[in-house]
Each structure stands twice: as C-alpha cells, then as structure tokens.
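Chemist: Any chance you could fold what I've pasted below:
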Amino acid sequence: MLQVRIHGIQDGKFNFELEEPVLNLAELPEEFVGNIKVFGSLTKIGKRYSVICNVTCIAKLICDVTLEEFEEEIKANFELNIIANSELYYLNEDREIKENESGDIIIHEDDQFVVLTDFVRQELILGTPMKKVSPKYRDKDFDEIYPELSSEKNQEINEQWSALKKLKVKS
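Modeler: Here you go, the predicted model:
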C-alpha cells in the first residue's frame, strides 16, 4: 500500500519517496512489472494537506506495428488537495472517495495516513499510451519497417490483376 504518514506532523513542507512492488497493488494491469516509485512532497497548513507526486513504473508492452515486446517507463504526475474534517467525512460516508464540491478529498481528523494507492493506480493506467509503438520504430515510416509491403510493391501486384478489369460480367 502506498501511503504517507500525516499523524503528528507539524505545518510545513516535507518530501517523501515510496517504493512498492507492482504485485502489491491490486487491479493494476499485468503489463506493469518491477516496482512503482513515487516521489513527492506533502505540504501541511492547519487541517489542509497538499500532495504533489511523480510516479514511475516499467511496463512490458506489445508494439502495435511489429508485435514485438518492449519495455517502457510510464510516468505520471498528480496533485491532491486534502482536508481533515470529521464532520464532512461523516456527511460523505456513503462514497468510497470522499470529496467536496471543489474536488478536495476529505479525510477523518484522526486518520494517520494519506493513502495514495488508488490515485497511483489510476494515473499509471491513464499514462499508458493508447498506441503502443516500440521506441526503435517511432520515427520510421511503414515502408522503412516493412519494405516488402511498400507501396511500390503493391503497385506491381495491382498491375498483375489489371487484366481482370477488362472482363465484363453479365448480371
């Protein structure tokens, strides 16, 4: 579980680093391997907390162009604003993630940790590219990757079939 201890800290800014094996995060896609690393800062002012995080993790992906497997570092950033308020917490008790209308997360005043696990999971999933192309093919055209399937070769094949266009079929 990725969490930052907040119980008993003074007002101010604090840096933190967290590392957790991917296997310990439930519902994270199987593409992610190794450890999740979180680097961030926590700022406390009264009952308000601000958390800024940078997350990195390695993902094993399949190239959409060549079907080769490759590894890529997935990076994500997010910021959370948190209010420690027991009354608001109990008013939003029926929701899994308690938020007010401005998007601030509400925690109980007696909570000892800010749990980042769900936010890290969401950001890593959203940070995974939709089109997965291996870095060694990103700057290449299709004709460079597959010269045997180039448009020139297709033109030669089309000429072989051009005789069929002369045939007339009665309907």
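
Chemist: so where's this structure uncertain?
Modeler: Applying pLDDT under 70 to the chain flags residues 92-101, 150-162, 165, 171.

Chemist: Correct me if wrong, but I125 is in a helix.
Modeler: Yes - assessed with DSSP: H, G, I helix; E, B strand; the rest coil, I125 lies in a helix.

Chemist: Numbering from 722 from now on, please.
Modeler: Right, with 722 as the first residue, what we last looked at is I846.

Chemist: now the most centrally placed residue in the chain: how far from K734?
Modeler: Centroid-nearest residue in the chain, with Cα atoms, centre = their mean: L845, separated by 2.2 Å. Separation of L845 from K734 (Cβ to Cβ, to the nearest Å): 25 Å. Heads up, the C-betas are built off the backbone N, CA and C, glycines and all.

Chemist: So the residue nearest to the centre of the chain sits against N775, correct?
Modeler: No - the criterion here is Cβ atoms under 8 Å, and L845 misses it with N775 at 11.8 Å.

Chemist: Which neighbours do the two have in common?
Modeler: Here L845 and N775 share the contacting residues A797, scored by Cβ atoms under 8 Å, 6 or more residues apart in numbering.

Chemist: coming back round to it: return the residues in contact with the residue nearest to the centre of the chain.
Modeler: L845 neighbours (Cβ under 8 Å, 6+ apart): 749, 753, 757, 776, 778, 795, 797.

Chemist: correct me, but the fifth one touches E792?
Modeler: This means C778. No - if you go by Cβ under 8 Å, C778 and E792 don't touch, sitting 10.7 Å apart.

Chemist: okay, these two: which has more neighbours?
Modeler: Of the pair C778 and E792, C778 is the one with more neighbours under other Cβ atoms under 10 Å, namely 26 against 13.

Chemist: who's in contact with that one?
Modeler: Neighbouring residues of C778 by Cβ under 8 Å, 6+ apart: 743, 753, 755-758, 794-795, 845.

Chemist: Now the buried members of the residues you listed.
Modeler: The neighbour-count test (16 or more other Cβ atoms under 10 Å) marks 743, 753, 755, 757-758, 795, 845 as buried among the contacts of C778.

Chemist: Out of these, which comes closest to Y867?
Modeler: I795 (27.5 Å; Cβ to Cβ).

Chemist: Which of the contacts of C778 fall in strands?
Modeler: Residues of those located in strands (DSSP state E): 753, 755-758, 794-795.

Chemist: Dump the residues you listed to TSV, plus distance to L812.
Modeler: Converted to TSV, the ones in strands among the contacts of C778 look like this (distance: Cβ to Cβ, whole Å):
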residue	distance to L812
F753	36
G755	40
N756	38
I757	33
K758	36
E794	41
I795	36
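
Chemist: Kind regards, and thank you for your time.
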